[in-house]
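> have a look at this fold, sequence not included:
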């Protein structure tokens, strides 16, 4: 169905007592339904929203980090992805030359104890004589993650380790995708590299190619070993290694927290492939890397425990560390043997929070961060509540962490929304992946949840299946309904995050995702843009709002006040989701404020909608479904507005400075400031 449908086409899906019509509709469709929304802006109505309510969840899935946010351009830089045994697969490295001129293999001759595999290149040809090398030489090349995006005028740092029994003359080049066009090059000319030697170069690109590759070539006979080959752009965020455009997309979401590094990535299909933080710190060339067997690809762990903590700090977000509790998808550590795992996590907390003179705090300091990171939350596993040893293991971790770090809040994998937990926790984890109807219906999920005991952490939510497509408007709207419910229940819900955050379009392991990218371009799905409607909710003031309508199955709303960090002014925001196929005439009535306290000039209306609920964004049309902001000319205490079919609308009302609700305060009061 396209946007130019001449008539409504409706498919009814009966689920949990509600229905969603799939249709095309005209933006000017008749308004034949009405509703009234009362917003109480009085002091008695106000309640502070947690500062932490809306954040993000980063998992190493879909090449989100390796080949994504982490800006390293070389894939399998240490030749370890083929496993510890030799000979091994060097994919995606490839050979330039034939068997008569070159033999490439792997051996265990590396100087790094934790990643012993190195690449051995036996060159059989020479620059002269009977067996001459072909023009351009022979060697190896790496295409990166489906092509390296090399841009004209930008500088790239190349680092590699090399060894040879004789003198060497090796060209290090960034070339076009077919190797014919040279974008930047340097030569390694050395008489003695009999011991492993680190080489560094800065290469400035003379042209642009989004599918570039790195080549190491020579025309000199001999044997050369290479290891830990890296290409990084110099212009990463603050020099911290994060790809600027992807970082900016996340930063624009204004996340209050970041949960990392998984997800199932933390568990592993088997414990031998679980994320182990100690293996991901220190100099990058010394990290062993590991195979993420849940999502099926190798990561060099350039984005490790330190980098995740640094990312949180750079985003101004609180880190939420999810650690392995001795349980994978297929094997478990018995509680009687769990203490070494507990000590590993205590060490990880010391790495993050310890003094720079402590054992693990000193390692952090040596990596360039002498001050502790602001780590306040840890999650004890991921989706492990039903596992045999979870509760026993959990209690061991909980007790040890509480004794050593009583300020840390701990998150249980068990759902306490209906039945109280049988173990201590500060928060419990709740995940929901369902069709649009179910996710939308969960706007009331926490209305009747216990108000005492642990708070709720909705760490993973999304519409999935056919309703989602690869990121549809329908999915975003259903999720918005759920989040409005989360916001209204923020006395019990402390945190919420969408999942997954990233997908490299060349390796879509999960669908849908918030941000889609390849080596050179990116876009946000409607679900990404939907989350922008909640950016200002963290620490804001929630107002009581009541809908009067017979459309209770298709309308949900909330209201907040907050102070903008952009213009330092105060706003009252009313968010209304119309999850129905007809336009709705809505009357908004705001009580509890003085007459004429809302200024028309500076008030705006923002709408997320499209001509078809299954519309998506793409590289070709990255802004097909995005929020559109316009001036709200009739802003006031009483407003008559029209809600488009299948739309999320935000009315942002500018409040005069002498009569406003203080965002983030415990009360409402007047001010002359």
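Alright, I've got the coordinates. Just so it is clear, the model here is predicted, and its values are computed rather than measured. Numbering: from 1, shown residues only.
> number of nearby residues for the nearest residue to residue 225 once chain neighbours are set aside?
Leaving aside its chain neighbours, residue 225 sits nearest to residue 163 (4.4 Å; criterion: Cβ to Cβ, 6 or more residues apart in numbering). No exception for glycine: its C-beta is placed from N, CA and C like everyone else's. The tally of other residues near residue 163 (other Cβ atoms under 10 Å) stands at 20.
> A strand includes residue 163, no?
Yes - remark: residue 163 belongs to a strand, assigned using DSSP: H, G, I helix; E, B strand; the rest coil.
> ok, it touching residue 192?
No - contact criterion Cβ atoms under 8 Å: residue 163 and residue 192 do not qualify, at 10.5 Å.
> strands of the stretch 251-400 of the chain, start to end?
Using DSSP state E, counting those that start in this stretch, the strands assigned to the stretch 251-400 of the chain run over residues 257-260, 290-292, 297-299, 318-323, 377-380.
> for the chain, what helix or strand is lowest in average pLDDT?
strand 31-40 (a mean of 87; mean pLDDT, DSSP states H and E).
> partners of it in the sheet?
Sheet pairing here is set by DSSP bridges, and for strand 31-40 it gives strand 541-548 (antiparallel), strand 583-591 (parallel).
> the helix or strand following the first one vs strand 583-591, what angle?
Toward the C-terminal end, the helix or strand that comes next after strand 541-548 (DSSP states H and E) is strand 555-563. In this structure, strand 555-563 runs at an angle of 40 degrees to strand 583-591, with axes from the mean of the first three to the mean of the last three Cα atoms, to 10 degrees as the basis.
> check which helices and strands strand 555-563 is in contact with.
strand 31-40, helix 473-488, strand 541-548, strand 570-578 (3 or more Cβ pairs under 8 Å, 6 or more residues apart in numbering; DSSP states H and E).
> output the contacting helices and strands for the second one.
It refers to helix 473-488. helix 436-441, strand 455-463, strand 493-498, helix 526-531, strand 555-563, strand 570-578, strand 598-608, strand 647-655.
> let me see the contact set for residue 554.
By Cβ atoms under 8 Å, 6 or more residues apart in numbering, residue 554 lies in contact with 578-580.
> so what does it have for phi and psi?
phi -130, psi 0 (degrees, to the nearest 10).
> against residue 643, how distant is it?
10 Å (Cβ to Cβ, to the nearest Å).
> count residues in the vicinity of residue 567, would you?
Residues near residue 567, counting by other Cβ under 10 Å: 10.
> from residue 601, how far off is it?
Residue 567 is 13 Å from residue 601, where distance means Cβ to Cβ.
> which neighbours do those two share?
By Cβ under 8 Å, 6+ apart, no residue touches both residue 567 and residue 601.
> list the contacts for the closest residue to residue 90 other than its chain neighbours?
Of all residues not flanking residue 90 in the chain, residue 79 sits nearest, at 5.6 Å (Cβ to Cβ, 6+ apart). If you count contacts by Cβ under 8 Å, 6+ apart, residue 79 has them with 88, 90, 93, 106, 117-119, 226-227.
> repeat that with 10 Å
Taking Cβ atoms under 10 Å, 6 or more residues apart in numbering, we find residue 79 in contact with 86, 88-91, 93, 106-107, 110, 115, 117-120, 140, 226-229.
> ok, of those, which come out buried?
86, 88, 90, 93, 106, 110, 115, 117-120, 140, 226-229 (16 or more other Cβ atoms under 10 Å).
> report the mean per-residue pLDDT for stretch 461-473.
Per-region confidence: stretch 461-473 scores 98 on mean pLDDT.
> now, which of the contacts of residue 79 lie within strands?
The strands in this structure, assigned by DSSP state E, contain 106-107, 118-120, 140, 226-229 from the contacts of residue 79.
> verify the stated contact: residue 485 with residue 441.
Yes - Residue 485 lies in contact with residue 441 (Cβ atoms under 10 Å); the separation is 9.5 Å.
> now the terminal residues of stretch 117-136, how far apart.
One end of stretch 117-136 sits 27 Å from the other (Cα to Cα, to the nearest Å).
> mind listing what's buried in it?
For stretch 117-136, using 16+ other Cβ under 10 Å, the buried residues are 117-121, 123-126, 133, 136.
> possible to save these as CSV with distance to residue 473 and pLDDT?
Listed next are those as CSV, based on distance: Cβ to Cβ, whole Å; pLDDT from 0 to 100:
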residue, distance to residue 473, pLDDT
117, 47, 98
118, 51, 98
119, 48, 98
120, 54, 98
121, 52, 98
123, 57, 98
124, 59, 97
125, 59, 96
126, 63, 95
133, 57, 96
136, 50, 92
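> pick the one among those closest to residue 462.
Checking these against residue 462 with Cβ to Cβ, the nearest one is residue 117 at 37.8 Å.
> make JSON lines from the contacts of residue 554 and add distance to residue 168, pLDDT and neighbour count to it.
Formatted as JSON lines, the contacts of residue 554 follow (distance: Cβ to Cβ, whole Å; pLDDT from 0 to 100; neighbours: other Cβ atoms under 10 Å):
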{"residue": "578", "distance to residue 168": "68", "pLDDT": "97", "neighbour count": "28"}
{"residue": "579", "distance to residue 168": "66", "pLDDT": "97", "neighbour count": "25"}
{"residue": "580", "distance to residue 168": "70", "pLDDT": "95", "neighbour count": "19"}
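> alright, calling it a day.
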